[in-house]
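>>> All I have is the shape, not the residue letters:
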């Protein structure tokens, strides 16, 4: 049946939802036509387009079928979104979004046959958070330090000769290999062989590979690898530093216990009959608490320490940049900042252009200072070995972050918002502190909201920062009660927002602006809200210091759009003059000229203003 | 990257698929809608990407096989070639969407893949060679219309109702209605009145799937 014949014209996904949800909208009716003009009454086709778009957005790419189109096209936008938010597949969309947020988005989370691909499930926090969402629990466990110790059983990949064997038979066969191997090494440990034999590349290989080859996931192999009480003490020191733990017998015994436990866990997963999961709910949770794993790899995603290596010159800055970009949406654009009056002479500190990133990058890197090669924890060692295998005494290395005598804290480690006003910063010492900061920081929740907007509307879609702030404010308030419900409401606001409802949006148009700003002639939306927050107090319509009104938008004598900016005689300055001055005042490190004068502006806002002004100067 | 509007892309797609037809075609009907460029659109969409496109096909069009992959139509290097039509990739922690900007090469890859798919769908009509993908089965909605479409150029095969079902199975509601109307007009024109189902179905599939609204991210 042709769904379009059934749709009766009626008020559809209009503006009522915005009022209901408190969303701001600047486009009075949607969807707009491809040319951007306003269509007061969406056609039946456009309604179907919207329903299909929502379905694809929330069901991991699966569009609406004929029956759904028939049932949903007459409904209001919020009802359409509500319908699809009730679909179990939304949890997979949340999982995909979590990967996107963490910078780990995969080409596909599943194999072509629909099974989850264990090689793609490399983020415990992403998976756990999505499962929490599915059961209405704590979605924001995504930002937590402590992640539950579990792993998911997935299908065992058959090797040659194993094609006709059952999963259980393959498991038995591989466990048997591990046991044989460990028996040999137990004997070797007992008879007191030297380091060279224990450090042979073949040592422990079957054990090391065991979790992976029996479908317990890549992560788990790496967790075992880092078991500080057992094998980790063998493998890393042995391979990298030529040292062998003194109690070799105990180390091998722990390996055997671990292998036995993994074997039992996998047997249990097989007995539950779902080692080839196709839905998030099918993934079998395997408690790992009995493994007594230790180390930071439990807390961070598998790829973290292997991809973000820490060299003897990088000093964890790569890891810090990742945290700033993914959890705080700070991509470290080098816009000059005001130098503190008592500016230290630390790394990159004497050059303002370097300092503009390093003032926040280095203190963030300090959270990782105990973790050396491959994330190995050197807390209890005298020296730290890096991924380039260089070694430094801990005291020398740690001096990078040690606060000067008389400072209020031991370590200059933290999330730095201001280079001049320490009261705005949040300091800490450990990785646990870092994740406490992430959980508390409004910037992190705002970042999550911004990523959600990008996830559904495209990374290039322009949006008023004030609109994101408003969404973040609502999300933060609601998440304090129930973060899974808050995420649903956030998704709903985005998917019923004017940007998403515009079926062919232009990436350079703001479809939603901050509340109260809808109908006023204002600067371009990319910066209007930032200006409002940081500059208009002094440079507003009623108090335009220096003759510059950053709340308005006009044209100069040549017809170029610019801010109202009058010289002492009352004549409008050219756009070029105005923008030259704005850029100079944004980038100078002279505190007597830097703007905003006597105020702190966030790195994010300064960057947004600077980049926009620079681009506008070239192409007004 | 800035490039011209989707209408222009539509024109390019239509021109390319028409020019690629094996048999010489009559000139496009003078009554066809104009595809003149409408000026620069600063929007810079990427392709949806290989995985999304495949998922879209499996959701709308292909019921079986379960592991259908349009890379099959690109020969032994298919899985590598589709990577050039946009995939999420990276070093593990800073992944990004890569190779997704529309260009001549990825357009050609998609064209070849969709041509193969079109031929396979045509092969489901009685009396046409077997499809290359073993066990190919279409979704219920398009399967119901296929017997009618296979009678091309019979009047009911060329009807608006049949062609709309075909369009929706291929392009869904990704594109505005005007795109469907242009496509409909094209295939109802005299150009295809003398063609067989085996000739026209691959062109329908290719032209609908190469529509920029279908290929590009919203």
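That came in fine, so what should we check first? All values reported here derive from a predicted model rather than from experimental measurement.

>>> counting contacts, what elements does the lengthiest helix in chain B pack onto?
Taking DSSP state H as the criterion, chain B has its longest helix at helix B:104-122. Helix B:104-122 sits against helix B:6-19, helix B:197-209, with contacts defined as 3 or more CB pairs under 8 Å, 6 or more residues apart in numbering or on different chains; DSSP states H and E. For the C-beta atoms, the positions are set from N, CA and C on the backbone; glycine is no exception.

>>> Flag whichever of these has the least confidence on average.
Among these, helix B:6-19 carries the lowest mean pLDDT, a mean of 42.

>>> Tell me where chain B has helices.
Going by DSSP H, chain B shows helices at B:6-19, B:50-60, B:78-81, B:104-122, B:140-149, B:160-171, B:177-188, B:197-209, B:212-215.

>>> Let me know the angle separating the fourth one from helix B:160-171.
In other words, helix B:104-122. Here helix B:104-122 runs at an angle of 130 degrees relative to helix B:160-171 (axes from the mean of the first three to the mean of the last three CA atoms, to 10 degrees).

>>> The second one now?
Helix B:50-60 and helix B:160-171 meet at an angle of 140 degrees, taking the same axes, to 10 degrees as the criterion.

>>> Contacts only, for residue A:599.
Residues counted as contacts of residue A:599 (CB atoms under 8 Å, 6 or more residues apart in numbering or on different chains) are residue A:534.

>>> Name the helix or strand for it, please.
For residue A:599, there is no enclosing helix or strand under DSSP states H and E.

>>> mind checking how far it is from residue A:559?
33 Å (CB to CB, to the nearest Å).

>>> Ok, residue A:307 next?
On the measure of CB to CB, residue A:307 and residue A:559 end up 50 Å apart.

>>> which of the two has more neighbours?
Neighbours were counted for residue A:307 and for residue A:559 using other CB atoms under 10 Å in any protein chain shown; residue A:307 has more, 18 against 8.

>>> thinking the more buried one is in contact with residue A:387, fair?
No: taking contacts as CB atoms under 8 Å, residue A:307 lies outside contact range of residue A:387: 10.7 Å.

>>> What score does residue 35 have for pLDDT?
Reading this off chain A. 36.

>>> nope, chain B
So residue B:35 comes in at 43 (pLDDT).

>>> again with residue B:70
For residue B:70, pLDDT reads 93.

>>> Burial check on it, number of neighbours?
So residue B:70, with other CB under 10 Å, has 25 neighbours.

>>> Let me know whether it touches residue B:82 as I believe.
Yes: counting by CB under 8 Å, residue B:70 touches residue B:82, with 7.2 Å between them.

>>> Spell out which residues are contacts of both of those two.
B:54, B:113.

>>> what bits of chain B have low per-residue confidence?
Scanning chain B for pLDDT under 70 picks out the ranges B:1-44, B:91-92.

>>> One more pass at 90, please.
In the predicted model of chain B, residues B:1-46, B:55, B:59, B:66-67, B:89-96, B:101, B:127-135, B:141, B:217-218 satisfy pLDDT under 90.

>>> Need the residue in it that's farthest from the chain's center.
residue B:93 (33.9 Å; CA atoms, centre = their mean).

>>> Spit out the contact partners of residue A:555.
A:561, A:562.

>>> confidence score at it?
So, for residue A:555, pLDDT stands at 86.

>>> is it in a bridge, and if so with what?
Counting by DSSP bridges, residue A:555 forms beta bridges with residue A:561.

>>> Residue numbers of the stretch 501-620 of chain A in contact with chain B?
Residues of the stretch 501-620 of chain A lying close to chain B (CB under 8 Å from any CB of the partner chain) are A:503, A:504, A:505, A:506, A:507, A:508.

>>> per-residue pLDDT, the first one?
What that stands for is residue A:503. 85.

>>> Can you give me the neighbour number for it?
Neighbours around residue A:503, by other CB under 10 Å: 23.

>>> Point me to the helix or strand that includes it.
Using DSSP H and E, residue A:503 falls outside every helix and strand.

>>> Hmm, it is touching residue A:54, no?
No: taking contacts as CB under 8 Å, residue A:503 lies outside contact range of residue A:54: 11.3 Å.

>>> Any buried residues in stretch A:587-599, and which?
For stretch A:587-599, the buried set under the neighbour-count rule, 16 or more other CB atoms under 10 Å in any protein chain shown, comprises A:587, A:589, A:594, A:595, A:596.

>>> Roughly how far does the closest residue to the last one other than its chain neighbours sit from residue A:550?
With CB to CB, 6 or more residues apart in numbering or on different chains as the measure, residue A:534 is the residue that lies nearest to residue A:596, at 5.1 Å, once sequence neighbours are left out. Distance, residue A:534 to residue A:550, using CB to CB: 9 Å.

>>> And those two? Which one has more around it.
Set residue A:534 next to residue A:550 and count neighbours by other CB under 10 Å: residue A:550 wins out with 29 against 21.

>>> just to revisit the earlier point, go through the longest helix of chain B and flag the buried ones.
B:106-107, B:109-122.

>>> quick one: average pLDDT of stretch A:559-567?
The pLDDT scores in stretch A:559-567 average 89.

>>> measure that stretch end to end?
The first and final residues of stretch A:559-567 sit 18 Å from each other (CA to CA, to the nearest Å).

>>> cool, and stretch B:72-90?
End-to-end distance for stretch B:72-90, by CA to CA: 24 Å.

>>> so how far is that stretch from its chain's centroid?
Distance of stretch B:72-90 from its chain centroid, counting by CA atoms, centre = their mean, to the nearest Å, is 17 Å.

>>> how about that stretch against chain A, any contact?
Yes: among the residues of stretch B:72-90, B:87, B:88, B:89, B:90 lie within reach of chain A under CB under 8 Å from any CB.

>>> Tell me which residues touch the first one, please.
Going back to what we said before, that points to residue B:87. Here residue B:87 is in contact with A:107, B:49, B:50, B:51, B:97, B:98, B:99, B:100 (CB under 8 Å, 6+ apart).

>>> tally of neighbours for the last one?
Same thing as residue B:100. Count around residue B:100 with other CB under 10 Å applied: 22.

>>> Could you find the closest non-adjacent residue to it?
residue B:86 (3.1 Å).

>>> Tell me the spacing between that neighbour and residue A:53.
19 Å.

>>> ok, now residue A:46?
Taking CB to CB, one finds residue A:46 at 10 Å from residue A:53.

>>> picking that back up, the residue nearest to residue B:100: neighbour count?
Neighbours of residue B:86 (other CB under 10 Å): 27.

>>> Next, the contact list for it, please.
Contacts of residue B:86 (CB under 8 Å, 6+ apart): B:46, B:47, B:48, B:49, B:50, B:97, B:98, B:99, B:100, B:106.
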